[in-house]
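Trainee: following is a predicted model, sequence given first.
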Amino acid sequence: MIRIPIVIWGTSGHSLVVSNIVRLRGQYEIAGYLDDVHSSRKGTILADKPILGGYDALPVLKKNGIQHVALAFGHCSARVRVAAFLKKNDFEIVTLIHPDAVIAESATVGEGTVISAGVIIDPGCKVGKYTIVNNAAVICHGSTIGNGVHICPSVSIGGDVFINSGCWVGIGSCIVQRIHVGERSYIGAGSVVTKDLPEGILAYGNPARIIRSIKIDF
């Protein structure tokens with residue numbers, strides 16, 4: 001089988017998780033990594049593949065026929081920005097689902113989203129574009145996850161929950177059924193969300209309470 005060449009955008013620990021999914025799926029051959037934050041890493045090796053550069057590497061990749069990119073960094077809004085740039089320049093952003101994830105037939109997963117090991121996504125769920133659903137997270141029936149969301153490991157999301165775009169749901173958190181979380185809100189690790197949360201806030205605790213408004217880019 002001829003494998004499609006792909007580059008991994010990101011060089012953090014999450015990039016290794018993503019590259020592992022790529023290797024397990026067997027459809028793509030990793031040509032290297034991209035890092036637009038740490039320019040000094042260009043030319044070094046990560047997991048036996050070269051770091052090719054950042055945005056500057058894209059024209060060379062296209063010239064060499066490499067058009068597939070996997071997003072592999074945790075910053076929510078940056079993933080959406082990078083994705084928009086790649087789409088504008090005719091690159092294809094791949095969706096990656098770990099073979100050990102369980103995705104219901106009626107669930108949908110958007111372009112450029114990464115679903116990690118042990119994830120369960122129930123019937124009727126909708127997961128948006130450029131989102132991360134990390135190890136062992138569970139999304140129950142009928143829930144909707146927006147674009148550019150980061151669902152951290154071991155998060156449990158009840159049925160018919162709506163999480164707007166750009167949110168971060170911290171490791172081990174629980175969101176009970178029929179909750180609505182506003183756009184760009186940040187839920188701290190280990191929180192239990194029992195009431196709706198507005199947009200642009202930091203919330204944490206058991207039960208989760210609103211700490212303050214936030215305007216940081218995450």
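Mentor: Thanks, I have the structure now. Numbers count the residues shown, from 1 in each chain.
Trainee: in the sheet, who's paired with the most centrally placed residue in the chain?
Mentor: The structure's the chain has its C-alpha centroid closest to Ile132; by CA atoms, centre = their mean the separation is 2.2 Å. Beta-bridge pairing of Ile132, defined through DSSP bridges, involves Val114, His150.
Trainee: element containing Ile30?
Mentor: strand 28-34 (DSSP states H and E).
Trainee: quick one: contacts for the residue nearest to Thr11 when sequence neighbours are not counted?
Mentor: For Thr11, the nearest residue in space outside its immediate sequence neighbours is Asp35; the separation is 4.4 Å by CB to CB, 6 or more residues apart in numbering. Bear in mind the C-beta positions are built from the backbone N, C-alpha and C, glycine included. Residues in contact with Asp35, defined by CB atoms under 8 Å, 6 or more residues apart in numbering, are Gly10, Thr11, Arg41, Lys42, Ile51, Gly53, Gly54.
Trainee: pull out the buried positions in stretch 23-30.
Mentor: Tyr28, Ile30 (16 or more other CB atoms under 10 Å).
Trainee: now do stretch 71-91
Mentor: By neighbour count, with 16+ other CB under 10 Å as the criterion, the buried positions of stretch 71-91 are 71-76, 78-80, 82-83, 86, 91.
Trainee: between those, which is closest to Pro59?
Mentor: Comparing the buried residues of stretch 71-91 against Pro59 with CB to CB places Phe91 closest, at 11.2 Å.
Trainee: how much space separates that closest one from Phe85?
Mentor: 9 Å (CB to CB, to the nearest Å).
Trainee: domain ranges for the chain?
Mentor: Using automatic domain parsing, the domain ranges for the chain come out as 4-94, 97-208.
Trainee: make CSV from these and add distance to Ile214 and mean pLDDT to it.
Mentor: Output for the domains of the chain, formatted as CSV (distance: least, CB to CB, whole Å; pLDDT from 0 to 100):
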stretch, distance to Ile214, mean pLDDT
domain 4-94, 12, 97
domain 97-208, 5, 98
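Trainee: distance to Phe218 for the ones you listed - can I get that in JSON lines?
Mentor: Formatted as JSON lines, the entries for the domains of the chain read as follows, by distance: least, CB to CB, whole Å:
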{"stretch": "domain 4-94", "distance to Phe218": "6"}
{"stretch": "domain 97-208", "distance to Phe218": "6"}
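Trainee: with respect to Ile216, which of these lies nearest?
Mentor: Put simply, out of the domains of the chain the one that sits nearest Ile216 is domain 97-208, at 8.4 Å, with distance taken as CB to CB.
Trainee: ends of the closest one, how far apart?
Mentor: Using CA to CA, to the nearest Å, the span of domain 97-208 from its first residue to its last is 30 Å.
Trainee: chain center to stretch 10-21, what's the gap?
Mentor: Centroid displacement of stretch 10-21 relative to its chain, using CA atoms, centre = their mean, to the nearest Å, is 11 Å.
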